[in-house]
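Q: make a model of this:
(2 chains)
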Amino acid sequence: DGGITQSPKYLFRKEGQNVTLSCEQNLNHDAMYWYRQDPGQGLRLIYYSQIVNDFQKGDIAEGYSVSREKKESFPLTVTSAQKNPTAFYLCASSMPRGSGANVLTFGAGSRLTVL
Amino acid sequence: KQEVTQIPAALSVPEGENLVLNCSFTDSAIYNLQWFRQDPGKGLTSLLLIQSSQREQTSGRLNASLDKSSGRSTLYIAASQPGDSATYLCAEGTYKYIFGTGTRLKVLA
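A: Numbers count the residues shown, from 1 in each chain, chains lettered A, B, ... in the order given. This is a model prediction of the structure:
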């Protein structure tokens, strides 16, 4: 079955450490996104990529980095510069605008806790 | 800058009621409007997507409408069931998706 796989599901980080969240999709989608969700809040966009080897900052990119070397993969690194990284991280993908009904499809999420 | 608002933030109804969830957006030049369901601690599941050229979409007991001129979309849930209890989010999709903060629905048995 096609879908998006996020790993790990739970992750604990010590202050000062960088951690990388994995996102893999087999939907053949061109566009991929990373969102952050805090309790009682909506989703905020961190980074998005419309095509391989290209990505753009979202609304809260500071302290995060991404890469898009393969169509299927869009890993997110939470760096030590992110001062409040404890949150639920969601990866999503879609076909690009103009390709028809570009339904946004989500993974199951990764919960990051800073110790 | 596009802003998406959902009111109410929380809603509690008895089983069997028909209900309407609201989503407002500030810029009417949208590409599409998508409704999602989120269960606690889980990812989002797409329910319905309405293209800007459409006025409504239906799936089972769910019906979503779009009125660009008034900047509103509504999600109608018919004959609500306890299994419908979840948070419902709407998102406006242009080049990136802008989400509302969601409506937390509880259907009482």
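Q: spatially central residue for chain A, please.
A: Chain A has A:Trp34 as the residue nearest its centroid, 2.7 Å off, counting by C-alpha atoms, centre = their mean.
Q: which of the helices or strands spans that residue?
A: Using DSSP states H and E, A:Trp34 sits in strand A:31-37.
Q: contacts for that strand?
A: A:23, A:25, A:43-51, A:58, A:60, A:64, A:66, A:68, A:74, A:76, A:87-96, A:102, A:104, A:109, B:96-97, B:99 (C-beta atoms under 8 Å, 6 or more residues apart in numbering or on different chains). (Glycine included, C-beta is placed from N, CA and C.)
Q: what residues does the closest residue to A:Lys71 other than its chain neighbours make contact with?
A: Distance criterion C-beta to C-beta, 6 or more residues apart in numbering or on different chains; nearest residue to A:Lys71, sequence neighbours excluded, is A:Val52 at 5.3 Å. Contacts for A:Val52 (C-beta under 8 Å, 6+ apart) come out as A:Arg68, A:Glu69, A:Lys70, A:Lys71.
Q: show me where chain B has its strands.
A: For chain B, the strands defined by DSSP state E occupy B:4-7, B:10-14, B:19-25, B:32-38, B:44-51, B:56-59, B:62-67, B:72-77, B:86-93, B:97-99, B:103-108.
Q: so which elements touch the third one?
A: Think strand B:19-25. Contact partners of strand B:19-25 among helices and strands, from 3 or more C-beta pairs under 8 Å, 6 or more residues apart in numbering or on different chains; DSSP states H and E: strand B:4-7, strand B:10-14, strand B:32-38, strand B:72-77, strand B:86-93, strand B:103-108.
Q: including mean neighbour count, could the ones you listed go into TSV?
A: TSV is the format used below for the helices and strands packed on strand B:19-25 (neighbours: other C-beta atoms under 10 Å in any protein chain shown):
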stretch	mean neighbour count
strand B:4-7	18
strand B:10-14	12
strand B:32-38	23
strand B:72-77	20
strand B:86-93	24
strand B:103-108	18
